[in-house]
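>>> What would the 3D arrangement of this be:
(chains A and B)
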Protein chains: 2
Amino acid sequence: MTKLSELGEFGLIDRLASKVGRGKEVIKGIGDDCAVLDGDDFYTLLTTDMLVSGDHFNRDWQTPRQIGWKSMVANVSDIAAMGGYPLWALVSLALPDDVDVEYLDSIYDGMISASEKYKMEIIGGDTTHGDILVINIVIIGRVEKDNLCLRSGAKIGDKICVTGDLGKSWAGLDLLRAGVDGYTDYHLEPSCRLEEGRVLAPHVNAMIDVSDGLSSEVMHICKQSGTGAVIDKDKIPVSSRTREAADKLDKDPYQWALSGGEDFELVFTIPESKIEAVSDVPYVIVGDITEKGTYLLEGKQKKELSGGYDHFRL
Amino acid sequence: MTKLSELGEFGLIDRLASKVGRGKEVIKGIGDDCAVLDGDDFYTLLTTDMLVSGDHFNRDWQTPRQIGWKSMVANVSDIAAMGGYPLWALVSLALPDDVDVEYLDSIYDGMISASEKYKMEIIGGDTTHGDILVINIVIIGRVEKDNLCLRSGAKIGDKICVTGDLGKSWAGLDLLRAGVDGYTDYHLEPSCRLEEGRVLAPHVNAMIDVSDGLSSEVMHICKQSGTGAVIDKDKIPVSSRTREAADKLDKDPYQWALSGGEDFELVFTIPESKIEAVSDVPYVIVGDITEKGTYLLEGKQKKELSGGYDHFRL
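The predicted structure follows:
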């Protein structure tokens, strides 16, 4: 018997990837934010996420509308990370006995609002019973062939950039968990960087969204690109609200930024010479792509980057 | 507060369908076995199913390999019902603490075997933690434009046919539930009628697969086609094995056939003049498409057809 935690979330993904082939028309299978299928004029993007009550959301402090909204945004963020745009969604729900029609309507309202914001449509799904509330979202999107951004494109010398403040979602979650007042909006009703992804796509070498913390995302890029990276801790953007929450809770806000996740910002790598081309997008340079090793620079100390959020290693 | 059971599974699907629009490129949204997207040379088919431990499978009597296998087959069956063929699958799993790597590998093995049998590939997915085992499968397939079979195409006068024995899955389930020996293979390791669907597609007016029992499937066809139907109970094919199980358990095998489901046979409607064209496929004529009303003929008695399996009305 081997415990799942011994492999961890990403080990399990690699395990499945190693078992399946990659046939014609499949540009990218398991191992990026989306699967990528070939097409005549564009690539088709496919992403899926399962969200389970108690693990991915908490019905005590998230309204059904917020649960529906966030489940869609998390998936749109994966499309954004490929440089693409969403078109259609499939929504599967397992509903426990204490969910009534009004509660379900509110979940749908949240999903439909997000669909309207990101200009996509719910075209199918499955509604069934289960002992706990489970949501599975699939989004089908597209990207122009020249604009496809993979995790694997980083080049030595690239600057590593993020599109905005990190740690803000986990700050809210820890406030809610502790029952302490503070800024929780971003955890409850996040948005993602779809427009920014579209602007960045023609210029960047690699891109990924922040689902599991900066540390994890940078390590994904390095693993897929065969490179290393150094992140400068002092440069990681952490908002004053997040610092306030950290003070209240006696936590390290950089821990949230590095290992929290759900910030739905984009992390991208880009040659320094091209940075001016993306100046319409908010970005902060947080580090460099190097030849090998993944490190965090803390003042003069250089530490190994450690993994981000892992659902099997809590 | 309105209980979900007041609307039932299909009422809930209609409710979502009424909230969302149907934009360009969407040939068919919510309300058939698959969503259908337009394309240059073919239609793209998309189907999704969520399977929850305790509701859709039972870890006490289904091996992980069988759980993985059946979850794929159930989705391929939806593609078959549209006349199409599967190409790619996305697999999401929520795994509880008592699942170990070997158990997960067996689930994958079942999924991969089914993928090989039906000539498709797993190209993506999500692996996460949850308090109970949940599987969500998405299959992406294709169908030639002339071959698309919708539920809505039935014509008055069509014969209603099924491709094989009904009630066989529920017979096995009830044997397993009761701990009584008997034939359970079909419940545990079903197959679906993909090849038959391909042969039928150019000739039939409407098609659906048997997920929730013949009664439910015929009512779906009638609702979408604006027709009625009469099913002749004596003509419903029920195997000797299923009858044996019914005898052992003191159950009505026709109840299983009409309201059990998971037989993954195809129900299709076809003008009598075209039946010869599909003679390569096993089929049994069980009734007729009529102008209105959905009835079951039992000897000389004509009863209203009642709904099939509903996850919210157990």
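
>>> Which helix or strand contains the residue nearest the centre of chain A?
In chain A, the centroid-proximal residue (Cα atoms, centre = their mean) is residue A:211; its distance is 2.8 Å. Here residue A:211 is covered by no helix or strand, with elements defined by DSSP states H and E.

>>> Please apply the same query to residue A:264.
Applying DSSP H and E, one finds residue A:264 in no helix or strand.

>>> how much space is there between the residue in the stretch 151-300 of chain A positioned nearest to chain B and residue A:33?
The stretch 151-300 of chain A approaches chain B most closely through residue A:211 (10.5 Å), counting by Cβ to the nearest Cβ. Quick note: C-beta positions are derived from backbone N, CA and C, even for glycine. Distance check for residue A:211 against residue A:33: by Cβ to Cβ, to the nearest Å, it reads 8 Å.

>>> cool, and residue A:253?
Here the criterion is Cβ to Cβ. By it, residue A:253 lies 25 Å from residue A:33.

>>> which residue packs closest to the residue of the stretch 201-314 of chain A found nearest chain B, ignoring adjacent ones?
Scanning the stretch 201-314 of chain A for the residue nearest chain B gives residue A:311, at 4.0 Å (criterion: Cβ to the nearest Cβ). Computed as Cβ to Cβ, 6 or more residues apart in numbering or on different chains, the closest residue to residue A:311 that is not its neighbour in sequence is residue B:129, at 4.0 Å.

>>> next one: phi and psi at that neighbour?
The phi and psi values for residue B:129, taken as degrees, to the nearest 10, are phi -100, psi 150.

>>> Contacts only, for it.
Under the criterion of Cβ atoms under 8 Å, 6 or more residues apart in numbering or on different chains, the neighbours of residue B:129 are A:4, A:52, A:55, A:311, A:312, A:314, B:94, B:95, B:96, B:97.

>>> ok, of these, which come out buried?
Among the contacts of residue B:129, those scoring as buried are A:4, A:52, A:55, A:311, A:312, B:94, B:95 (criterion: 16 or more other Cβ atoms under 10 Å in any protein chain shown).

>>> now the residues you listed as TSV including secondary structure?
Output for the buried ones among the contacts of residue B:129, formatted as TSV (DSSP: H, G, I helix; E, B strand; the rest coil):
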residue	secondary structure
A:4	helix
A:52	strand
A:55	coil
A:311	coil
A:312	coil
B:94	strand
B:95	strand
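
>>> which of the residues you listed sit farthest apart?
Across the buried ones among the contacts of residue B:129, the longest distance by Cβ to Cβ is 14.4 Å; it joins A:4 and A:52.

>>> what are the ranges of the strands in chain A?
Secondary structure of chain A (DSSP state E): strands at A:26-28, A:35-37, A:42-52, A:85-95, A:121-129, A:134-144, A:159-162, A:206-209, A:228-232, A:266-270, A:284-290, A:294-298, A:301-304.

>>> partners of the second one, with directions?
If you go by DSSP bridges, strand A:35-37 pairs up with strand A:26-28 (antiparallel), strand A:42-52 (antiparallel).

>>> With just CA atoms, put the last one into PDB.
Extracted as PDB, the C-alpha positions of strand A:42-52 are listed here (Å, rounded to 0.1, in the frame of the first residue of the first chain):
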ATOM      1  CA  PHE A  42      -6.800  27.700 -34.000                       C
ATOM      2  CA  TYR A  43      -6.100  25.300 -31.200                       C
ATOM      3  CA  THR A  44      -8.900  24.100 -29.000                       C
ATOM      4  CA  LEU A  45      -8.200  24.300 -25.200                       C
ATOM      5  CA  LEU A  46      -9.900  22.000 -22.700                       C
ATOM      6  CA  THR A  47      -9.600  22.300 -18.900                       C
ATOM      7  CA  THR A  48     -11.400  20.700 -16.100                       C
ATOM      8  CA  ASP A  49     -11.500  21.200 -12.300                       C
ATOM      9  CA  MET A  50     -13.300  19.300  -9.600                       C
ATOM     10  CA  LEU A  51     -14.300  21.200  -6.400                       C
ATOM     11  CA  VAL A  52     -15.400  19.300  -3.400                       C
END
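
>>> Give the rounded mean pLDDT of stretch A:131-141.
For stretch A:131-141, the per-residue pLDDT values average out at 96.

>>> anything in that stretch near chain B?
Yes: where contact is defined by Cβ under 8 Å from any Cβ of the partner chain, part of stretch A:131-141 touches chain B, namely A:131, A:132, A:134, A:136, A:138, A:140.

>>> same deal with stretch A:261-273?
No: under the criterion of Cβ under 8 Å from any Cβ, chain B is not reached by stretch A:261-273; the shortest gap measures 12.4 Å.

>>> what comes up buried for the helix or strand of chain A with the lowest mean pLDDT?
Within chain A, no helix or strand scores below helix A:4-19, which has a mean of 83 by mean pLDDT, DSSP states H and E. Neighbour counts using 16+ other Cβ under 10 Å place A:4, A:5, A:7, A:9, A:10, A:11, A:12, A:13, A:15, A:16, A:17 of helix A:4-19 among the buried residues.

>>> now stretch A:292-303
Residues of stretch A:292-303 classed as buried under the neighbour-count rule (16+ other Cβ under 10 Å) are A:294, A:295, A:296, A:297.

>>> measure it end to end?
Across its full length, stretch A:292-303 reaches 14 Å end to end, with Cα to Cα, to the nearest Å as the criterion.

>>> coming back round to it: which other helices and strands contact the least confident helix or strand of chain A?
For helix A:4-19, the elements it packs on are helix B:101-117, strand B:121-129, judged by 3 or more Cβ pairs under 8 Å, 6 or more residues apart in numbering or on different chains; DSSP states H and E.

>>> Could you tell me the angle between that helix and strand B:85-95?
Put simply, helix A:4-19 runs at 170 degrees to strand B:85-95, going by axes from the mean of the first three to the mean of the last three Cα atoms, to 10 degrees.

>>> tally of neighbours for residue A:291?
By the other Cβ atoms under 10 Å in any protein chain shown criterion, the neighbourhood of residue A:291 contains 10 residues.

>>> quick one, helices of the stretch 151-300 of chain A?
Residue ranges of the helices in the stretch 151-300 of chain A, as given by DSSP state H, counting those that start in this stretch, are A:168-178, A:185-188, A:194-200, A:214-225, A:240-249, A:253-259.

>>> Just put those helices in CSV and tack on mean neighbour count.
Rendered in CSV, the data for those read as follows (neighbours: other Cβ atoms under 10 Å in any protein chain shown):
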stretch, mean neighbour count
helix A:168-178, 22
helix A:185-188, 19
helix A:194-200, 20
helix A:214-225, 24
helix A:240-249, 18
helix A:253-259, 24
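
>>> Identify the residues contacting the nearest residue to residue A:147 once chain neighbours are set aside.
Closest residue to residue A:147 in three dimensions, ignoring its sequence neighbours and counting by Cβ to Cβ, 6+ apart: residue A:201, at 3.9 Å. Residue A:201 is in contact with A:83, A:84, A:143, A:147, A:148, A:149, A:207, counting by Cβ under 8 Å, 6+ apart.

>>> wait, doesn't the fifth one sit right on residue A:36?
What that stands for is residue A:148. Yes: contact status for residue A:148 versus residue A:36: in contact at 6.6 Å, counting by Cβ atoms under 8 Å.

>>> Flag the shaky bits of the stretch 51-200 of chain A, pLDDT-wise.
In the predicted model of the stretch 51-200 of chain A, no residue satisfies pLDDT under 70.

>>> neighbours of the closest residue to residue A:90 other than its chain neighbours, just the number please.
Take residue A:90 and drop its neighbours on the chain: the residue closest to it by Cβ to Cβ, 6+ apart is residue A:138, 4.2 Å away. Each residue near residue A:138 was counted by other Cβ under 10 Å, and the total is 26.

>>> quick one: residue A:138 and residue A:48 touch, right?
Yes: Residue A:138 is within contact range of residue A:48, at 4.6 Å (criterion: Cβ under 8 Å).

>>> and for these two, which residues touch both?
Residues touching both residue A:138 and residue A:48 by Cβ under 8 Å, 6+ apart: A:75, B:90, B:138.

>>> give the contact list for the first one.
The reference is to residue A:75. Contacts for residue A:75 were tallied using Cβ under 8 Å, 6+ apart; they are A:47, A:48, A:49, A:86, A:89, A:137, A:138, A:139.
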